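Engineer: coordinates for the following, if possible.
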Amino acid sequence: MAATMGRLTSVLRQQANSTVCRPLFTSTAVHNDKPEGGKSWFTKLFPEKIQAPTDAHSRLLTAKDLVYEMQIHDVKPEYMEQYKEMTEEYYPRIHQSSEFPGEVKGSWYTAFGYQDQAVHLWIYRDGYDGVTRSEEALLGDKEMREFIEKRQNMLRARSNQLLLEFSFWGEPEPREGFNVYEMRSYQLKPGTMIEWGNNWARGIQHRQENSEAVGGFFSQIGPLYCVHHLWAYKDLQARKATRESAWRKPGWDQCVSYTVPLIRKMESRVMHPAPFSPLQ
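Structural biologist: Take a look at the predicted model:
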């Protein structure tokens with residue numbers, strides 16, 4: 001009996017040393033020792049390796065000096081219609097002004113996910129210099145100061161972020177007709193922006209079938225490691241069909257499985273464009 005137990009113990013020890021106690025993650029790809037043809041469901045839950053940045057995100061992930069500002073206004077329900085009337089009068093005026101270096105890229109009112117909320121996306125082609133000159137121009141315009149004073153009583157809260165575009169998305173182009181827009185916002189774990197960008201640079205090819213990809217942005221000022229993806233669909237049924245078709249394309253599942261573990265928080269807004277919005 002003792003001899004049998006001794007041999008059993010020896011076998012278990014050898015198995016433990018050779019397999020069970022191996023580290024789960026190494027510096028090489030986790031799936032290198034998997035059978036040819038794929039990975040287990042467990043390894044797909046985790047990115048293979050967090051890639052260390054070799055330069056600032058603003059240099060590695062974008063190819064232009066454009067700066068975007070995203071404004072989010074939470075409007076008191078009783079003032080929503082008045083807010084729309086004022087915004088639709090003043091924002092086109094700012095957009096067309098030669099003294100204001102910013103342009104309206106898109107303006108929306110939320111329909112699902114958030115209620116009584118407005119989202120405005122501005123672009124500054126002169127980069128941060130344009131942001132500074134825009135502030136000065138607004139403060140020096142009497143009508144705009146009056147507009148801002150009237151508006152402040154209509155809002156429950158407001159926030160803004162300065163963003164850069166992912167180079168593989170490019171600048172949002174004006175759209176005609178009526179579209180439903182979805183903005184999916186992600187709060188990433190610090191240190192994972194490069195990994196996110198690399199995976200989406202490959203994954204975006206699976207989401208171009210119906211020209212639904214509008215723009216992708218990452219924050220520089222405001223909440224950091226924040227990403228916004230903007231999509232357009234003809235309606236909610238088209239959104240459903242387009243998203244389901246992506247899962248039938250080889251490679252899309254890998255993009256999702258490798259980026260989900262990088263996320264701390266995510267949310268979705270479905271929005272309708274304002275009448276003056278270049279993105280319709």
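
Engineer: ok, Gln187 to Gly251 distance?
Structural biologist: Distance of Gln187 to Gly251, given as C-beta to C-beta, to the nearest Å: 25 Å. C-beta coordinates here come from the backbone N, C-alpha and C atoms, glycine included.

Engineer: tell me which of those two has more neighbours.
Structural biologist: The residue with more neighbours, out of Gln187 and Gly251, is Gln187; 15 against 11, by other C-beta atoms under 10 Å.

Engineer: separation between that one and Tyr225?
Structural biologist: Computed as C-beta to C-beta, the Gln187 to Tyr225 distance reads 7 Å.

Engineer: Val227 is in contact with Thr192, isn't it?
Structural biologist: No: look at Val227 against Thr192 with C-beta atoms under 8 Å: they stay out of range, at 10.1 Å.

Engineer: which SS class is the nearest residue to Glu212 once chain neighbours are set aside?
Structural biologist: Closest residue to Glu212 apart from its sequence neighbours, by C-beta to C-beta, 6 or more residues apart in numbering: Trp231 at 4.9 Å. Three-state call for Trp231 (DSSP: H, G, I helix; E, B strand; the rest coil): strand.

Engineer: who touches Trp231 in this structure?
Structural biologist: Trp231 is in contact with Tyr181, Glu182, Met183, Arg184, Arg207, Glu212, Ala213, Val214, Arg239, counting by C-beta atoms under 8 Å, 6 or more residues apart in numbering.

Engineer: so who does Ala213 touch?
Structural biologist: Trp169, Ile204, Arg207, Trp231.

Engineer: which residues does it bridge with?
Structural biologist: Trp231 (DSSP bridges).

Engineer: would you check how far apart it and Val227 are?
Structural biologist: From Ala213 across to Val227, the span is 14 Å (C-beta to C-beta).

Engineer: before we move on, what about Gln237?
Structural biologist: Taken as C-beta to C-beta, the span from Gln237 to Val227 is 26 Å.

Engineer: ok, these two, which is more surrounded?
Structural biologist: Under the criterion of other C-beta under 10 Å, the comparison of Gln237 against Val227 puts Val227 first, with 23 against 10.

Engineer: wait, is that one part of a helix?
Structural biologist: No: assigned with three-state DSSP, Val227 falls outside any helix and is strand.

Engineer: name the helix or strand for the residue lying closest to it once chain neighbours are set aside, please.
Structural biologist: Closest residue in space to Val227, ignoring its immediate chain neighbours: Tyr186 at 4.5 Å, by C-beta to C-beta, 6+ apart. In the assignment (DSSP states H and E), Tyr186 maps to strand 180-188.

Engineer: cool, and Glu267?
Structural biologist: Going by DSSP H and E, Glu267 is part of strand 263-273.

Engineer: which parts of the stretch 51-200 of the chain are helices?
Structural biologist: Remark: helices assigned in the stretch 51-200 of the chain by DSSP state H, counting those that start in this stretch are 57-60, 80-96, 128-139, 142-152, 193-203.

Engineer: of the ones you listed, which is nearest Gln161?
Structural biologist: helix 128-139 (11.8 Å; C-beta to C-beta).

Engineer: what packs against the closest one?
Structural biologist: Contact partners of helix 128-139 among helices and strands, from 3 or more C-beta pairs under 8 Å, 6 or more residues apart in numbering; DSSP states H and E: strand 67-75, strand 102-112, strand 117-124, helix 142-152.

Engineer: redo these as TSV? Include mean neighbour count and mean pLDDT.
Structural biologist: Listed next are those as TSV, based on neighbours: other C-beta atoms under 10 Å; pLDDT from 0 to 100:
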stretch	mean neighbour count	mean pLDDT
strand 67-75	20	98
strand 102-112	20	96
strand 117-124	22	98
helix 142-152	13	91
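
Engineer: the ones you listed: which one's closest to Ser257?
Structural biologist: Relative to Ser257, the nearest member of these by C-beta to C-beta is strand 102-112, separated by 26.5 Å.

Engineer: any idea of the angle the closest one forms with strand 180-188?
Structural biologist: Interaxial angle of strand 102-112 relative to strand 180-188 (axes from the mean of the first three to the mean of the last three C-alpha atoms, to 10 degrees): 100 degrees.

Engineer: which other residues reach strand 102-112?
Structural biologist: The contact list for strand 102-112 (C-beta under 8 Å, 6+ apart) reads 68-69, 84, 87, 91-92, 94-95, 116-125, 130-131, 134, 172, 180-181, 183, 230, 269-274, 276-279.
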